[in-house]
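Participant: sequence-free structure coming up:
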């Protein structure tokens, strides 16, 4: 099965099981990325189940609006019972690396506000240990060099994603050459570095459900 077909199947499975089999008139959280785009394209057939959406990026918001969905601000929506998003890597404990699309901060906020986080991926995203995919970190622009020095001291190799500005007006540093055996510990440590807005490790708040193709793991 091709990678795109596996992504599409994961999106279809999530939409059917967690949107189409849920209560009607819900506000749902929707993530960002190529796999999520397949999920968004599935949603019109479940329109009666969706009152509105809370999106983690401007790109997803635009796609949802084009399909006729109301996109709400999270402050107005309150607590969500469902958030569906993809990932760049996923380990056996459902800890994730996210942020390849530079939307990690809003993704982490929506995940934190949701009772159930369903992650949809293809099999290439499954790893034994996180870190082959460079870890994205969103930083305040003036703190880029400061944060890079701190990461270098921790053994990582920081690379500025030049030319990329997040929806929040910040910059992204991608950290290479880390083998992340303790995602929870590293996430907590990085969160203490001044100038970091958000870390692309989803470990303290990891996925509740991971769907690979049509398999739930």
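Facilitator: On my side now, so go ahead. Owing to the predicted nature of the structure, the values given are computational and were not obtained by experimental measurement.

Participant: Show me the contact partners of the lengthiest helix in the chain.
Facilitator: Assignment by DSSP state H gives helix 3-14 as the longest helix of the chain. Contacts to helix 3-14, defined as Cβ atoms under 8 Å, 6 or more residues apart in numbering, come from residues 1, 34-36, 38-39, 41-42, 84, 86, 118, 120-124, 211-214, 216. Every residue, glycine included, has its C-beta placed from N, CA and C.

Participant: how about a cut-off of 10 Å?
Facilitator: 1-2, 20, 33-43, 82, 84-86, 118-125, 209-216 (Cβ atoms under 10 Å, 6 or more residues apart in numbering).

Participant: Quick one: buried ones out of these?
Facilitator: Using 16 or more other Cβ atoms under 10 Å as the burial test, these include 33, 35-40, 42-43, 82, 84-86, 118-122, 125, 209-213 as buried.

Participant: Cross those against strands and list the overlap.
Facilitator: 84-85, 118-121, 209-212 (DSSP state E).

Participant: of all these, which comes closest to residue 72?
Facilitator: Nearest to residue 72, judged by Cβ to Cβ, of those is residue 84 at 15.7 Å.

Participant: Got the confidence number for the residue nearest to the closest one when sequence neighbours are not counted?
Facilitator: Closest residue in space to residue 84, ignoring its immediate chain neighbours: residue 118 at 4.8 Å, by Cβ to Cβ, 6 or more residues apart in numbering. With respect to pLDDT, residue 118 has a value of 98.

Participant: same thing with the one 4 residues further on?
Facilitator: Per-residue confidence at residue 122 stands at 97 (pLDDT).

Participant: Against residue 111, how distant is it?
Facilitator: Distance of residue 122 to residue 111, given as Cβ to Cβ, to the nearest Å: 20 Å.

Participant: correct me, but residue 106 touches residue 83?
Facilitator: No. Using Cβ atoms under 10 Å as the test, residue 106 is too far from residue 83 to be in contact (11.2 Å).

Participant: joint contacts of these two?
Facilitator: 31, 54, 56.

Participant: Does the second one touch residue 84 like I think?
Facilitator: No. Using Cβ under 10 Å as the test, residue 54 is too far from residue 84 to be in contact (11.2 Å).
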